[in-house]
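Trainee: Need a 3D model of the following:
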Amino acid sequence: MSISAEEFRFWDCSIDDCPNPSAIDIGSCERCQQHFCSTHVDSPLHRCDKGFIDDATWDATQIEELESLHRRVNYESLLRRASLLKRGIPCQLDDTDPLGRSLLGGMHVHRRIVFADRSSWLARLPRQNFTSFSDETTNNMLLSECATLQWLSRIQDVPTPKVHGYGLRNDPQNDVGAAYMLIDEMPGRPLLYLEPTPEQLEKVYRSLARILRILSEHPCEKIGSLTYDSSGEICVGHIAGDRAGTLPPLGPFSNAVDYYLFSSYAADAYLIYKYIAKLAVERRFNCFENDLDNGPFFLKHMDDKGDHIMVDDEFNVVGLIDWSFARTVPIYEAFGPSLVSADMSSIYSGIAGRGDQDKALQYALESECQHLGRFAAAPDLIRRLCFGLGTGMNFSWKEALDVFQGMVNTVDGTSEVLDWEKWRTTHLSQFSNDHTLQQLAESAVNGEESKLEGKQKHNPFRFATCSVPECDKAGVRGASCSMCQRHLRAIHQDKNFHTCPSMSELNDEAWEKAINDEVEVLLSEINVSELTKRATSLNGGKHCRLQPGKHIGAGSLMGCANYHAILIFDDGEERLARIPRTGFSDVPMDLVEYLVASEYATLKFLESTRLPSPKAFGYGILSDTANAVGVNYILMEKLPGKPYYPYLATPDQQSRVISQVADFLIELSKYPLPHAGSPLSTEGSINVGPVVSNRFVSLGKYGPFDSAVEYFTGITDEYLSLIADKQIYDQYPKEAFLFYKLLHRHAADLCCNETRGAFYLKHVDDKGDHLLIDNDYNVTGIIDWQFARVVPACEAFGPSLVTADLGALYSGTASLSEDDKTLLQELKLKGRDDLAVYTGDFDPVRRFHMGLASGFNRDEACDLIKGMLVSLGEEPMDIDSWIEQESEKCRDDYRWNLIFS
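Mentor: Residues are numbered from 1 along each chain as shown. A predicted model of the protein is given here:
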């Protein structure tokens, strides 16, 4: 076997830098006319609409293809060649069908050549489009068909077209300009498209049986396709593809066992083909004598579904055409049940057994040759095994499983419904020594491949498990109750299970008490002596004291995530100890520590820029045995100023702040980083590590990412998996899932102008109060960098929360705010049109960044979805109709079904 399936590929994936071969059966896109590997065919990098192509578009594409082919063909040379082969009789093309559309096949175009003596030939031209095979593969297929027709022409009473001449693609000796065959035009019409009576069909089967009997008198020594050897003699060579156009050139084979062992596919399909290969080894394909596996072998038409049979008005068989993929096969396949007599609905639905038409053909064959009749009467095993999982027909897993049901029932001789999970477990164990299979199975368990659909499956990390006894489900993130100290899944937050009031339901007195109690506990955990000693060592030995920061009311220094204490030094200098709030929560401690380490690294990175960010002097995390302070913390500079609230500023003051924001963006644009993620300090240098959650602390760590598309799809996949696991958006999971599925589909649109390998630091919570200002609205500091991340330029410099019209952002409308436009103009005035492009065109990225926020009800979330749809340029639609429409698109995503479990 000169070429293996691993070495051979028809096409490469069209995605830049992707080394994978294109998926032969599902990887070709008629819209963009490109090829994609199984990973990228449904990825955001393939941006085509996956819906059906309308007739007008299909026709236009087909006409363009045919016109392109005919521009290549030198018809003057073709006709001269035909005339020469016909003893000089003049000829011309049939001008009633100038493009050959009436005789167009799946792989060939036919032009009718009419001679002066009124006879006619066909010029059979391989189609040339984006799915065309290489010159070598195309020529090998053409040579095989020519050899087959020439071989058949030597056999009397087998009505096949005679081949008169041919030319190969890109052959210097072929002046026609394209590959071609010159063959007889056969009379009649294809049987497949007629509606014969039972009597007429019986007549066809009698003729077909006679032809099969004649072919049985001409055996071959090997299994493969006919071709020419180096001396021009006809021989059996490698298999020249199959009817679905999915097989590489394999063989020839000396016995049936080797022949039926050549196929293998990934994951569950691999397991099924492993099982089929086992049946081949056990000679289960062969229901007869074992010696038949060793030959002789017989020619079989591999696309024998009925349109290869030409009949006249009396249903006499007048021709057998389309021999492209013919091959020699074992006798029980050559004369066993075939596609022409198959009840395809039974094959597709997994119903075992032969149909009435199979029996009719069997009787016709028995009347011709009793010996051959026994093969037609055999169980419908070889046909189903060779049909496999419908390779090349783009079957869904359910459709493939139905086909396999019929295969297993035929092999076992039963009618029981297949328990796939049980069958799968048993056979994984049986084939435990197959390294490839076990690796694929392990990948499915680990989330690298969905067991059912071949999609990427991800088992999301839990922040916490529900505290209700015997409930092993994930708790809803951010919904843990500090009063009863429990984590709860969605159903157990119902008042029938959980009676504690939420923080928002407490009166002022109870709320203040809860906050005071939390801060009291936090302060009790701080080893003040060790903290001040650490601060002193980081400030030239100057002594200091710790003053608790105000945590309630005006001037409070405590935010949603961090408490701040003030370190006052002997010379009056003040610094901050920034300490994560650690009241009862489901946020894992390692994530809290990562947030601290990443923020410290961010601040150290910013020290190399001209941004007015606080200097970081040191930090400590609880898991570090050298940290004696007792809490996680960062020691940082205390910047002057008060938080900026746009609604308190005049338009001029707002413009002044926005102009400074433009300066900050320009400064950050000078410091590109190679990956998307979050800053992390490693051995004294700043690198990019995994993304550190989000501003609502509803995500974990994920990434880093090498491209903008990977970044956006990585985030949406994280959301989709968490929604499916009921860890977030538990009040409206269906709507949330569809929202992030929409964003996943549009990921490539969000980053269409990105520079590869360039990412920039972004303040994630930039709604305005992260800016400190003086009385003249000069920005004196940019604070709260806890969730900062390194992001694509479209997010880093696109519209942000500080310039957003939050009313419009939360509604179903979409447009740039006046502040957005001001920022855009400021960037242009400062000579940075390249950054202004992002500010003006990327509102969807801001909406992506905000997502469905936190604490919204379903109606508010639906308004956000409407706004995103408008922002993405989708057609306006009633939101409930949109939800119904999009739900249908998610049926094949295993995560979608988990929402309803």
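
Trainee: Can you show me the strands along the stretch 701-850 of the chain?
Mentor: Ranges of strands in the stretch 701-850 of the chain, per DSSP state E, counting those that start in this stretch, are 701-702, 759-762, 771-773, 779-782, 789-792.

Trainee: Do me a favour and get the end-to-end distance for stretch 862-882?
Mentor: 11 Å (CA to CA, to the nearest Å).

Trainee: who's in contact with it?
Mentor: 735, 738-739, 742-743, 746, 749, 808-814, 843-844, 847-848, 850, 852-853, 856, 885 (CB atoms under 8 Å, 6 or more residues apart in numbering). All C-beta spots, glycine's among them, are computed from the backbone N, C-alpha and C.

Trainee: hmm, 10 Å instead?
Mentor: With contact meaning CB atoms under 10 Å, 6 or more residues apart in numbering, stretch 862-882 is reached by 732, 735-736, 738-739, 742-743, 745-746, 749-750, 808-815, 842-848, 850-853, 856, 859, 861, 883-886.

Trainee: ChimeraX command for the buried members of the residues you listed?
Mentor: In ChimeraX, a selection of the buried entries from those looks like this (16 or more other CB atoms under 10 Å):
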select :732,735,736,738,739,742,743,745,746,750,809,810,812,814,842,843,844,845,846,847,848,850,851,852,856,861,883,886
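
Trainee: what sits against Val417?
Mentor: 350, 405, 409.

Trainee: pLDDT weak spots in the stretch 1-150 of the chain?
Mentor: Along the stretch 1-150 of the chain, segments meeting pLDDT under 70 span 1-10, 23-26, 38, 50-52.

Trainee: Glu67 contacts Leu99, correct?
Mentor: Yes. Between Glu67 and Leu99 there is a contact at 6.9 Å, judged by CB atoms under 10 Å.

Trainee: Look at these two and report which has more neighbours.
Mentor: Leu99 (16 against 11; other CB atoms under 10 Å).

Trainee: In a helix, that one, correct?
Mentor: No. Assessed with DSSP: H, G, I helix; E, B strand; the rest coil, Leu99 is coil; it does not lie in a helix.

Trainee: need the contact list for it.
Mentor: Residues in contact with Leu99 (CB under 10 Å, 6+ apart) are 62-63, 65-67, 69-70, 109, 111.

Trainee: same thing but 6 Å
Mentor: Leu66 (CB atoms under 6 Å, 6 or more residues apart in numbering).

Trainee: Would you mind giving the domain segments of the protein?
Mentor: Annotated domains of the chain cover 1-53, 55-185, 191-223+254-446, 506-638, 650-899 [automatic domain parsing].

Trainee: Now do the helices in the stretch 451-600 of the chain.
Mentor: Counting by DSSP state H, counting those that start in this stretch, the stretch 451-600 of the chain has helices at residues 508-525, 528-537, 589-606.

Trainee: Quick one: closest of these to Gly188.
Mentor: Ranking the helices of the stretch 451-600 of the chain by proximity to Gly188 (CB to CB) places helix 589-606 first, at 73.3 Å.

Trainee: For the closest one, name the packing helices and strands.
Mentor: Applying 3 or more CB pairs under 6 Å, 6 or more residues apart in numbering; DSSP states H and E, we find helix 589-606 packed against strand 616-620, strand 678-682, strand 691-692.

Trainee: tell me the angle it makes with strand 616-620.
Mentor: Orientation check (axes from the mean of the first three to the mean of the last three CA atoms, to 10 degrees): helix 589-606 against strand 616-620 gives 160 degrees.

Trainee: quick one: helix 589-606 to chain centroid distance?
Mentor: 33 Å (CA atoms, centre = their mean, to the nearest Å).

Trainee: Between strand 678-682 and it, find me the angle.
Mentor: Going by the same axes, to 10 degrees, helix 589-606 makes 90 degrees with strand 678-682.

Trainee: Need the residues that contact helix 589-606.
Mentor: Contact with helix 589-606 is made by 580, 613, 616, 619, 621, 632, 634, 678-681, 686, 692, 785-786, 788, as judged by CB under 6 Å, 6+ apart.

Trainee: which among those gets closest to Arg656?
Mentor: Ser613 (19.6 Å).

Trainee: pLDDT score assigned to the closest one?
Mentor: The model reports Ser613 with a pLDDT of 98.

Trainee: shaky segments in the stretch 401-550 of the chain?
Mentor: 432-459.

Trainee: Please enumerate the strands of the stretch 151-300 of the chain.
Mentor: Under DSSP E, counting those that start in this stretch, the stretch 151-300 of the chain gives strands at 163-167, 180-184, 189-190, 225-228, 234-237, 297-300.
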